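A.B. asks: predicted model and sequence follow; I will ask about them next.
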Amino acid sequence: MTHEELEDAVPLYAIGALERSERQAIEAHLLSGCAACHAALKDYQTVASLLPFGLTPATPPNTLKAKIMMAPTPIAGAVEAEQAGPKSSLEPGEWMNHLFPPIAPARSLPFRLAMGFSAAVLIVGGGYLAWSSYTQTSQRSGEIQQLHAAVQQETARVATLQSELQQREQTIGTLKSEIEQRTTEVAELRDQILQREAELDDAHTQLTQNESSLQRLARQNEEFAGLFKNPSSKVVSLAGSDMAKSAGAFLLFDPSTKKAWLYAYNLPALPSGKVYQLWAIDDKPVSAGVFGLDAGLKARMLIRNMTEFSRMKKFAVTVEPDGGRPEPTGAIYLIGQI
């Protein structure tokens, strides 16, 4: 056999799978001092010793122990060997058994012993697998505990974040309420400002009207004073009728300027939509103007052009709708004649 063939046969020799002639050739080659094959044999023997641990565990039958105990022992074979006497030399296979003890038995074991050995191998293999499974389970349990601790940490962190989020939401809600309150206050202040501005506008309008009224009254007073001081002015008195017995008036007329000035007092307050109207009466009444009352139930009216005063015989005051009428329609409250 070549060296390559011998080297390829080393694994089979390690597990006892060679014929006698092949086994003797391998042993002779190893005795020759081949270091490479010798090292390879040790490696393969180590691997072969671990093969039983890869078997699936099996429970031996209950009768196995009894069968092993009843099996014949190999003592008889050993006695025959002693009687045969010592051999002059060891066969190649025996040399290897001498050099590498108990790697693989040179002869087959009895059936019961082999079964017991197999059962032992199965038990050991099962124990190894159980120990390996326990080790893996312990490792997995440790990893699960670590994952559980990590989950608890994350849960605590999430709870903290949720608490912070709730606090932020409460703060935001408070700020929203304050903003809404401030917005309402600003709206109320704006309404108040608008109201004050409207009141100021009304006051300004009223003041303007009052100024206009005062200016008009001032002019009328000046004209009345001029009429009153003029010696050529004529005066007509008007007395209250049965509708206003305590009322009275007088009409001052300046022939040179054709102006007349009426002053009335104690007239009844006018209903809504009504005015007093002055009539100059000759053959038929002619309107000389309309007027209202002030807060003191007094009236002042300036007539700027009364050209037909000298022809008039009577003067009267009636109550008419707003704006006056071309002819009298209401009751007479004042009446007088020249």
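C.D. replies: Sure, I can see it.
A.B. asks: A288 belongs to a helix?
C.D. replies: No: according to DSSP: H, G, I helix; E, B strand; the rest coil, A288 belongs to no helix; its state is strand.
A.B. asks: the residue nearest to it when sequence neighbours are not counted and A264, how far apart?
C.D. replies: Excluding its sequence neighbours, the residue lying closest to A288 (CB to CB, 6 or more residues apart in numbering) is L278, at 4.3 Å. Every C-beta, even on glycine, is put in place using the N, C-alpha and C of the backbone. As judged by CB to CB, to the nearest Å, L278 and A264 stand 9 Å apart.
A.B. asks: elements contacting whatever helix or strand E188 lives in?
C.D. replies: Following DSSP states H and E, one finds E188 within helix 111-229. In terms of contacts (3 or more CB pairs under 8 Å, 6 or more residues apart in numbering; DSSP states H and E), helix 111-229 is packed against helix 64-70, strand 248-254, strand 259-265, strand 298-303.
A.B. asks: lowest mean pLDDT across those, which one is that?
C.D. replies: Between the helices and strands packed on helix 111-229, the lowest average pLDDT goes to helix 64-70, which shows a mean of 74.
A.B. asks: can you show me the CA trace of that one as CSV?
C.D. replies: The C-alpha trace of helix 64-70 is given here as CSV (Å, rounded to 0.1, in the frame of the first residue of the first chain):
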residue,chain,number,x,y,z
LEU,A,64,-31.3,-5.7,30.0
LYS,A,65,-29.6,-5.8,33.4
ALA,A,66,-30.7,-9.4,34.1
LYS,A,67,-29.4,-10.5,30.7
ILE,A,68,-26.0,-8.9,31.3
MET,A,69,-25.7,-10.5,34.6
MET,A,70,-26.5,-13.9,33.2
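A.B. asks: show me which positions of that helix end up buried.
C.D. replies: By 16 or more other CB atoms under 10 Å, the buried positions in helix 64-70 come out as I68.
A.B. asks: give me the distance from that helix to the chain's centre.
C.D. replies: The chain centroid and the centroid of helix 64-70 are separated by 81 Å, computed with CA atoms, centre = their mean, to the nearest Å.
A.B. asks: what do you get for stretch 299-315?
C.D. replies: Here stretch 299-315 is found 84 Å from its chain centre; the criterion is CA atoms, centre = their mean.
A.B. asks: what's the answer for stretch 145-158, then?
C.D. replies: Its chain's C-alpha centre and that of stretch 145-158 lie 27 Å apart, by CA atoms, centre = their mean.
A.B. asks: now do it, average pLDDT.
C.D. replies: 89.
A.B. asks: buried by neighbour count: which residues of it qualify?
C.D. replies: Result for stretch 145-158 [16+ other CB under 10 Å]: no buried residues.
A.B. asks: same check, this time on stretch 187-194
C.D. replies: Of the residues in stretch 187-194, none is buried (16+ other CB under 10 Å).
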